[in-house]
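Asks: Structure for this input, please:
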Amino acid sequence: MGEEPARGVVVVSDTSPILNLFLVEHLDLLRKLFGEIVIPPSVANELTSYGAVVDGDWMRGVAERDREEMSRMQLLLDSGEAEAIVVAIEICAGLLLADERRGRREAAARGLRVTGILGVLAHAKERGLISSRGSVLDEMIVHAGFWIGEELRVQLLSGVGEAP
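Replies: Presented below is the predicted three-dimensional model:
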């Protein structure tokens, strides 16, 4: 999680953080926190397959240019994660939003700063955009199929003074 990224930092996102927030009607948190989100084509395609509207006012599509690196990354990760990492590297993003452990590890190994949906919720709570991380987290568990281990959930919520 770390310090809160400043608005204006270039932020690239994989599908999961956007989709989870869309499914619980909190997608506006990303716009309010970061201003603009860059998404690669496969992320846009995944989002639209779930009925999410890719809003051109604050979501900008950018395709990767390095096909060789993309091919290498696709051996390790799914297309959305691979494209997000390659695009983030190419445009010198200040932050990558990704939830899958393997993708986060690959991104960090390539020098990218990474946070996931839990970090987004922490920043949203710090900025007063949500009153409770737990309530949004519970919505994502019930309505979006988000999974978090009970031990991590308790630790996360206890650490910010919310009852698990």
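
Asks: shaky segments in the protein?
Replies: The chain contains residues with pLDDT under 70 at 1-8, 159-161, 163-164.

Asks: Other residues contacting the longest helix along it?
Replies: Looking across the chain with DSSP state H, the single longest helix is helix 79-90. Outside helix 79-90, the residues that touch it by Cβ atoms under 8 Å, 6 or more residues apart in numbering are 12-15, 38-43, 46, 62-66, 69-70, 73-74, 76-77, 93, 96, 98, 100, 102-103, 106-107, 110-112. Where you see a C-beta, it was placed from the backbone N, CA and C, and this is true even at glycine.

Asks: List the pairing partners of whichever helix or strand comes after that helix within its sheet, with orientation.
Replies: The helix or strand immediately downstream of helix 79-90 is strand 95-97, counting by DSSP states H and E. Paired with strand 95-97 in the same sheet, following DSSP bridges, are strand 11-13 (parallel), strand 114-115 (parallel).

Asks: Which residues does strand 95-97 contact?
Replies: 5, 9-14, 17-18, 30, 34, 37, 84-85, 88, 107, 112-117, 120.

Asks: and after it, which helix or strand comes next?
Replies: Following strand 95-97 in sequence, per DSSP H and E, is helix 101-109.

Asks: got the angle between that following helix and helix 79-90?
Replies: 10 degrees (axes from the mean of the first three to the mean of the last three Cα atoms, to 10 degrees).

Asks: that older thread, list the buried residues for the longest helix of the chain?
Replies: Residues of helix 79-90 classed as buried by neighbour count (16 or more other Cβ atoms under 10 Å): 79-89.

Asks: Same check on stretch 104-121?
Replies: 104, 106-107, 112-121.

Asks: And for stretch 41-54?
Replies: By 16+ other Cβ under 10 Å, the buried positions in stretch 41-54 come out as 42-44, 46-47, 52, 54.

Asks: Could you check how far it is from the centre of its chain?
Replies: Its chain's C-alpha centre and that of stretch 41-54 lie 14 Å apart, by Cα atoms, centre = their mean, to the nearest Å.
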